[in-house]
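In: Let's see this in three dimensions:
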Amino acid sequence: MKKTILYIYLIIFCLPLMSLAEVGTGGYAGAYMKLSVEPRPAAMGGAYIAISDDAAGQLYNPAGVSAIRHSVFTSSYRAMTLDRSMGFVSIIMPTRNKSALGLSWQYVGSGSVDIRNNDGDNMGTSMSSNEHIFAITFSKQFTPFLGLGSKLQYLLKDGFSSGGTATKRNFDVIYDNGASSISINLGALLFVDSLFEYGTMEAKPINDIKVGLVFKNLAAEYKYSSNDNPNLSSAPADKFPYIVTGGLSFKAFQRNLLVALDLEKVEKRAIAVRFGGEYRYNNKFALRTGLDDGIITAGLGYQFDLGENNILEFDYAFSGARVEEGSDHLFGFHFKF
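Out: Now for the predicted structure:
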């Protein structure tokens with residue numbers, strides 16, 4: 001028993017201390033998508049491609065959504081420094097033959113920033129930027145060992161300046177133009193246990209082994225209009241980089257411990273490594289931690305049984321400082337009915 005507790009401690013609490021590197025996620029369109037807005041995956045270091053068995057699957061691997069057997073309403077919020085925030089609202093409804101349909105809205109925005117000239121004088125105007133993702137997700141487990149899913153997204157960017165009579169300059173042109181795009185994410189999930197004879201994996205030290213693969217940002221591109229901006233000679237385009245992510249997850253210790261590992265390759269960037277774990281006690285209380293490409297994360301969750309197959313779950317996550325931006329706190333709840 002003592003050895004078991006020691007193993008759990010090593011996996012869940014000590015491995016995230018292997019690295020304290022700080023990394024950035026900016027520099028390209030849709031960079032905010034790398035930041036989780038759902039507490040459970042965020043607390044597990046973002047290693048979620050081979051899990052995705054709840055509403056967060058819409059953000060990570062749409063193939064995992066097929067595992068949902070009850071309708072779920074989800075709302076979450078990420079409180080960030082520098083007057084930034086992220087929000088997520090979704091509903092998922094299981095359909096026939098191990099399939100599910102999800103509708104979601106994700107939001108990220110920044111507060112107003114005063115525009116100043118080279119001398120530091122306030123020009124009497126401000127600017128801000130907000131982005132939205134409206135999406136439809138469909139997933140189906142076609143065989144006992146394979147699930148596939150897709151997420152169709154409408155991306156919308158609102159940028160604007162307001163107040164004052166400051167002369168327009170090149171630096172605030174983007175804020176007078178919105179942009180939109182259609183894109184798609186594709187995912188696959190392999191249920192390894194189902195490849196063996198029924199019951200074979202039950203006696204093994206680890207089980208519920210899953211392997212996931214996701215392709216993101218297919219056809220995503222912001223195109224800005226130059227009609228109302230004399231400073232622009234032609235309409236610029238901001239292309240989203242392609243992202244390919246693979247993941248592995250498994251359970252141990254009578255399925256109380258969940259461990260996951262993801263490898264993510266963003267176009268023209270180095271491979272990011274994410275690792276995380278979750279330990280559940282009495283199937284109600286969950287303790288989580290992880291390592292998000294060098295950033296330490298942690299969190300917890302608790303389920304309330306409301307009767308009549310109704311469950312309410314609250315989740316919280318903490319993410320360490322990222323390039324001196326400060327730490328973030330995430331809150332969310334899921335209502336299963």
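In: what about the stretch 101-250 of the chain, any weak spots by pLDDT?
Out: Filtered on pLDDT under 70, the stretch 101-250 of the chain yields the residue ranges 111-128, 159-177, 225-236.
In: Which parts of it are strands?
Out: Applying DSSP state E, counting those that start in this stretch to the stretch 101-250 of the chain gives strands spanning 113-116, 122-143, 146-162, 179-191, 206-218, 221-223, 237-239, 243-252.
In: wait, which of those strands is closest to residue 74?
Out: Between residue 74 and those, the tightest spacing by C-beta to C-beta is seen for strand 122-143, at 12.2 Å. C-beta here means a position set from N, CA and C on the backbone, and glycine is covered the same way.
In: rewinding a little: mind checking which of the strands of the stretch 101-250 of the chain is nearest residue 46?
Out: strand 243-252 (9.6 Å).
In: Remind me what the closest one packs against, helices and strands.
Out: Contacts defined by 3 or more C-beta pairs under 8 Å, 6 or more residues apart in numbering; DSSP states H and E place strand 243-252 against strand 206-218, strand 257-266.
In: if you set the cut-off to 10 Å instead, what comes out?
Out: For strand 243-252, the elements it packs on are helix 2-9, strand 179-191, strand 206-218, strand 257-266, strand 272-281, judged by 3 or more C-beta pairs under 10 Å, 6 or more residues apart in numbering; DSSP states H and E.
In: Could you give me the buried positions within the fourth one?
Out: Taking 16 or more other C-beta atoms under 10 Å as the basis for neighbour counts, the residues of strand 257-266 that come out buried are 257-262, 264, 266.
In: As PDB, could you dump the C-alpha coordinates of it?
Out: Output of strand 257-266 as PDB, limited to C-alpha atoms (Å, rounded to 0.1, in the frame of the first residue of the first chain):
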ATOM      1  CA  LEU A 257      -5.200   7.400 -11.800                       C
ATOM      2  CA  LEU A 258      -5.300   8.900 -15.300                       C
ATOM      3  CA  VAL A 259      -2.000   9.800 -17.000                       C
ATOM      4  CA  ALA A 260      -1.600  11.600 -20.400                       C
ATOM      5  CA  LEU A 261       1.100  12.800 -22.700                       C
ATOM      6  CA  ASP A 262       0.800  15.000 -25.800                       C
ATOM      7  CA  LEU A 263       3.300  16.100 -28.500                       C
ATOM      8  CA  GLU A 264       2.300  19.100 -30.500                       C
ATOM      9  CA  LYS A 265       3.800  20.500 -33.700                       C
ATOM     10  CA  VAL A 266       2.900  24.000 -34.700                       C
END
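In: after the host helix or strand of residue 297 comes which helix or strand?
Out: According to DSSP states H and E, residue 297 maps onto strand 295-307. Using DSSP H and E, the next helix or strand after strand 295-307 towards the C-terminus is strand 310-319.
In: mind listing what the helix or strand following that following strand pairs with, with the direction of each?
Out: Next in sequence after strand 310-319, counting helices and strands by DSSP H and E, comes strand 328-336. Strand pairing for strand 328-336, using DSSP bridges, gives strand 72-79 (antiparallel), strand 310-319 (antiparallel).
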